[in-house]
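Peer 1: from the sequence below, what's the structure:
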Amino acid sequence: MTVAADSTPQPLPRATVLRGLLGALLLAEGERLPVGRLLELVWAGQADRIGRGAVHTGMSRLRTWLGRFGDETVVLESDAQGYRLATRPDAVDLGRFRALAADNALAAALALRRGPVLAGLERVNREDPMVTAVEGVVRTAALSLARSSLAAGEPRSALPALTALVEEHPFDEPVHAALLRLLAADGRAAEALRRFQALRRRLSEELGIEPGEQVQSVFLALLAHGGEGVQPGPGRSHVPSQLPRDLTDFTGRDHHVRLVLDTLADGRVPVITGMGGIGKTALAVHTAHRAAADYPDGRLYADLRGADPSPADPARVLAAFLRALGAAAREIPDSLDERSALYRTLLTGRRILVLLDNAADEQQLRPLLPGTPAHPARSSTGRSIPGHAPTGSSPTVPTARTAVLVTSRAALTALPGTRLVDLGELDTAHAQTLLHRILDDHRVAAEPVAAARIAELCGGIPLAVRIAGARLAARPRWTLARLAGLLRDERRRLDELTAGDLAVRAGFAVGHARLPEPVRRTFRLLGLLDAPDFAPWAAAAVADIPVAEAERHLEELIDAQLLQITGTEPHLRYRFHDLVRLYAREHAEASDDPTERSEALERAFGAWLWLAERAAEQIPGPCFAPIHGPAPRHPLPPTLTATLLDDPMAWFDAEQPALNASARQAAAQHMVPAAWDLAACQEKYCDVRGLYDDWRTTNLTVLQACRAAGDHRGAAVLTRGLIEVTTWTTPTDGTQTMVALHGRAHHLLRLFEQVREPRGSADALVLAAWSLAAQGREQEALDTAHRALDLATAHDHPGGRARAHQVIAVAHSESDLDRTIEHLTETLRLARQIGNTRFEATAIQFLGAAHGRAGRPERGLELLTHSLAMARSLQDSYAEAFSLLYLAAIHTATGDTRARPTAEAALAIARRFDMGHHLAQALGILGELDLTAGDHTSAIAHLEESVLVWRARGWRSFLATALRTLGRAYQAAGLPESAARVLDEARELTAGSGDPLAHEG
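Peer 2: The predicted structure follows:
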């Protein structure tokens, strides 16, 4: 990447991250990129450890860097959906490249290229469709240039572009083949042969395969041109060649191709399995063509599907095979056994490959298998030959006899000598490449984002991608964005994935037609669920059948390739492919009345809720009052319930995505009581696991449904959770968080008073007391906290009592540490009494911090070390960061060298999870350490960021402390005016609503 202004080269941003962000925005070509997408693009492999704040910070710095050029045509824009870089099309060489390529000025277009996209940026995700799309456009342009140069008799003009691509893509065989042709046409046949030999060695040593048909054909032509022609073998009568035509746009599946070829070479039978439309036949035909040279006596093919629902009769298939092998019609016996015996006789001693496509079961296949298994083909070195004999050595005659290759929806594990080759979906990059190869490259290159969306909506099913490509090819005036928009509508998606005699539905219908009606019913009703996966008990609930029967139905759906299995025993889970789910829903809408569909969803949500509220009781999260609604539960058998909830955290780990999806779906279906109860049951789990985004977005979504339905109890419960998660873990929204908390808490108080829930009112008062304590309004905080304590005591809410004592302790912390410790000791006693280990760890943390501030560092260290161990055992990142912070504070006060690494560990957690409070504290500790070490520049950087965060948090005492430390750093750095300014602000602090959570609905 380079930047020039008025043709003068400019230095790029020094930070690699800024160069990555700039490159991503340029590649997007004016499309808006969400923050999450930028994280995955620029911090590939590390996105889960980098907070979203890093993107905002980087974009702010990038905006400053761009501003230095004063170019009003280059504008970095941002909104809630993400960031985009607006430029003139000719301001970026990628835009100029596309324009030149569209005008067929390919040589000029390729001259703009300096190397791989974003070369030198190690963290950038090079598998991202945006990156691969540009590389694909360059590749296509280079190949087109090679073809046109050969046709014009000017091969030399394309050699630089092809040579560069070959070096960058050492395994891209079409590019190698094009380069070999150019070299040969330019009179450099010897160099072409050397390059072929180098490619062959590389493929053999690194991938264990031989060059493909394209490169081999160029090599043979080179040999023939050099007088070393290849002589064909002797002819043979009745050499069948029945393989269907290979797909010229066959894409991906490199691993599966090698697996099939290796299995054939080992003398075993590859059985390619997978759902309808997944590409079983395409893979089988492609690999059969790759292996064809090893079977010179013929290639037989049969489609065993037959007429649904009946599979093809093996006797009729054998009759066709026998005729192809030279048997006269009068020589073909009548019985199946006799035909099979004659078939095996004619195969004896012949090297033939038999492709049996769409096999139904083992019974259909057995008569079609040869009498003896194939023997491994070996080279003169003893190594298995996966495709062709090695070039440059004397090929030995393969000892392989007849080999068999099978495709089937069923696993067919009862056949001897088989090896399953299970096909899954294509990843998005390969699906997009397939679309590239089906369509005119220019159309895909012009709309890379829409192309990626089409590939995504096709769910990685090659048949679906092929149909989408065919529809676009038949409609040259359509944009890709138009088809992407049509596919986005779930109710029409299967209708849109139809072209000519191709239809995604047809692939699913084969397996569905052979199912008994009870299994079809389970299939239909399961398709109603939005949950990404589910356990057998959920299937039992939705179908209203015993779990054992549900498990049998699930296995039949697995066998029919209408369902996929995930996990391992004893935690098996099941999932639909997105398109199969839509197919199941179509059948449900056609066969089941709305009442039955609604009751099925109600049973499923009721079963999840039955287990979730019991699991939540055992999760050590916030000590809020458990408040539930009237949604119907679907009880499970007691023994099963006990087994499932033996480890409640593990149960939530498995079920949380399904719970999340179910809460949202229940809200969309106007089953509001179930929706808010499902959302609320997840809050403690999300808190412990640090799933703050899930917690926040799900609560917001369901809260809107509660407000629309007038469900005030649900609105109160979800608002309480939202206040908790947004107060402690969310970056600032422009308000002072702890100040805004006061208004939010009083709104919550009104909600709970409206539904006459005094325990909820106690929780709201505790939140209000936290806000007052943060603002330095000690007496008001104490009064409010004591009101909360009285309510919690009067209404048997021990968790509320514990939280009230905790905030009373915090309110006293600036003036009376003895009373702080007294109330924290009571907090700890209550936490242990109610068995909440998470809150117990919190109480121990606060006690440790208080003892440290009271001049008892040994006791403080003892308590904080204990709380750190508890936090880590709970995998609780928030509590872990808290303990680390106060350990670092004590280490700093005592001059312990562990201070810096401990503070840095806390900082890393705070940045990753957007914990504003912890972030500000960690920065303050590091700034103080820098100041002590005499590193004034680093101290000022840490402390200025700490002050910035504390301003957003709105916590007066912490902000005042940070300002005083920053003032000392300014003084030490010789900046007296800056020091005076911040120290004056600190003295003033010590002397002295467009809020969505306060919305009444």
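Peer 1: how about stretch 938-948: buried residues?
Peer 2: Within stretch 938-948, the residues that count as buried by 16 or more other Cβ atoms under 10 Å are 938-947. In this view, the C-beta of every residue, glycine as well, is placed from N, C-alpha and C.
Peer 1: just the ones of these in helices?
Peer 2: Members of the buried residues of stretch 938-948 lying in helices (criterion: DSSP state H): 938-947.
Peer 1: would TSV of those with distance to Asp427 and pLDDT be doable?
Peer 2: Formatted as TSV, those follow (distance: Cβ to Cβ, whole Å; pLDDT from 0 to 100):
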residue	distance to Asp427	pLDDT
Ser938	43	93
Ala939	47	93
Ile940	46	94
Ala941	41	92
His942	42	93
Leu943	46	94
Glu944	44	93
Glu945	39	92
Ser946	43	92
Val947	45	92
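Peer 1: how about those, which pair is most distant?
Peer 2: Ser938 and Val947 (15.0 Å; Cβ to Cβ).
Peer 1: all helices for the stretch 651-800 of the chain, in order.
Peer 2: Here the stretch 651-800 of the chain has its helices, by DSSP state H, counting those that start in this stretch, at 672-681, 683-689, 692-709, 712-729, 737-754, 758-774, 778-794, 798-812.
Peer 1: hmm, I was thinking of the stretch 1-150 of the chain
Peer 2: Going by DSSP H, counting those that start in this stretch, the stretch 1-150 of the chain shows helices at 16-28, 35-42, 52-67, 93-102, 106-111, 129-151.
Peer 1: ok, now the stretch 901-1001 of the chain?
Peer 2: 916-933, 936-953, 956-972, 976-991.
Peer 1: closest to Arg96 out of those?
Peer 2: Smallest distance to Arg96 across these (Cβ to Cβ): 39.8 Å, for helix 936-953.
Peer 1: local confidence estimate at the nearest residue to Asp93 once chain neighbours are set aside?
Peer 2: Leaving aside its sequence neighbours, Asp93 sits nearest to Leu112 (Cβ to Cβ, 6 or more residues apart in numbering; 4.8 Å). pLDDT, Leu112: 88.
Peer 1: would you enumerate the residues in contact with Leu112?
Peer 2: By Cβ atoms under 8 Å, 6 or more residues apart in numbering, the residues touching Leu112 are 93, 96-97, 100.
Peer 1: I'd assumed Ala769 was in contact with Ala811.
Peer 2: Yes: using Cβ atoms under 8 Å, Ala811 is in contact with Ala769, at 6.8 Å.
Peer 1: show me the common contact partners of those two, please.
Peer 2: By Cβ under 8 Å, 6+ apart, the residues touching both Ala811 and Ala769 are 781-782, 785.
Peer 1: out of the residues you listed, who's nearest Gly30?
Peer 2: Among the shared contacts of Ala811 and Ala769, and counting by Cβ to Cβ, the member closest to Gly30 is Ala781, at 51.0 Å.
Peer 1: for Leu415, see how far away that closest one is.
Peer 2: 75 Å (Cβ to Cβ, to the nearest Å).
Peer 1: low-scoring stretches of the stretch 651-800 of the chain, by residue?
Peer 2: For the stretch 651-800 of the chain, residues meeting the criterion pLDDT under 70 lie at 730-735.
Peer 1: list the contacts of stretch 543-560.
Peer 2: For stretch 543-560, the surrounding residues in contact (Cβ under 8 Å, 6+ apart) are 409-411, 511-512, 514-516, 518-519, 521-523, 525-526, 536-537, 539-540, 563-565, 574, 600, 603, 637, 640.
Peer 1: give the buried residues for that stretch.
Peer 2: Of the residues in stretch 543-560, 543-545, 547, 549-554, 556-560 count as buried by neighbour count, 16+ other Cβ under 10 Å.
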